[in-house]
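[1] What follows is a predicted structure for the sequence shown.
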Amino acid sequence: MVSTIEETTASAAPVTHREFTSVGRRWFRSARELPVLPLAILVPFILTALFANFIAPYDPTEPIPGAKIFEPPFWAQGANPAALLGTDFQGRDVLSRLIFGARVSLIVGVTGTLVAGTIGTTLGSLAG
C-alpha cells in the first residue's frame, strides 16, 4: 500500500509556467495592499517625531506663561484654549510633551529592533 503523500506526489501534474506566474501575480497584488495600514500609522508618527520643533506649540520642558497646573483638555469645561490637551503638574503643555515624546518612542523602538535583530542573527548563524 502506498502512502497518501506518495500518491499525491506521484499523481500531481507538474506546475506549468503559466500557473506559477498567475499565483505569483495574485500574491504580489495582494502583498502590495498589506502595508497600507502600517504605513498610514508609521509615516505620520515619524514625521511628527522629525518635525517636533516646528509642530509643538510650546517648549515641552517649560511651563506655559500664565497657565495653571492641571488644566483640563479643550473639551472639558473651564479649559484653557492655549493648552489643547491641558497642562501637567508643573503647568507644561501636554500636547507639546506628547509630540516630543514621539522621538523617544521612535528611538527606543528602532534601537530595540536593531539590537534584537543583531543578537538573533548572530545566534542563528552560530546555531546553523
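    Great, that's in hand. Numbering: from 1, shown residues only.
[2] Show me the shaky parts of the chain.
    Across the chain, the ranges flagged by pLDDT under 70 are 1-21, 23-24, 27-34.
[3] Look through it and tell me its longest helix.
    Using DSSP state H to define each element, the chain has its longest helix at helix 94-127.
[4] Tell me the buried residues in that one?
    94-97, 99-100, 102, 106 (16 or more other C-beta atoms under 10 Å). (C-beta placed from N, C-alpha, C; glycine too.)
[5] again, but for stretch 80-99
    Across stretch 80-99, burial judged by 16+ other C-beta under 10 Å covers 80, 83, 85-88, 91-97, 99.
[6] What of stretch 60-78?
    Those would be 60, 63-64, 67, 71, for stretch 60-78 by 16+ other C-beta under 10 Å.
[7] quick check, nearest of those residues to Thr121?
    Nearest to Thr121 out of the buried residues of stretch 60-78 is Pro60 (C-beta to C-beta; 36.4 Å).
[8] ok, that closest one to Arg103 distance?
    10 Å (C-beta to C-beta, to the nearest Å).
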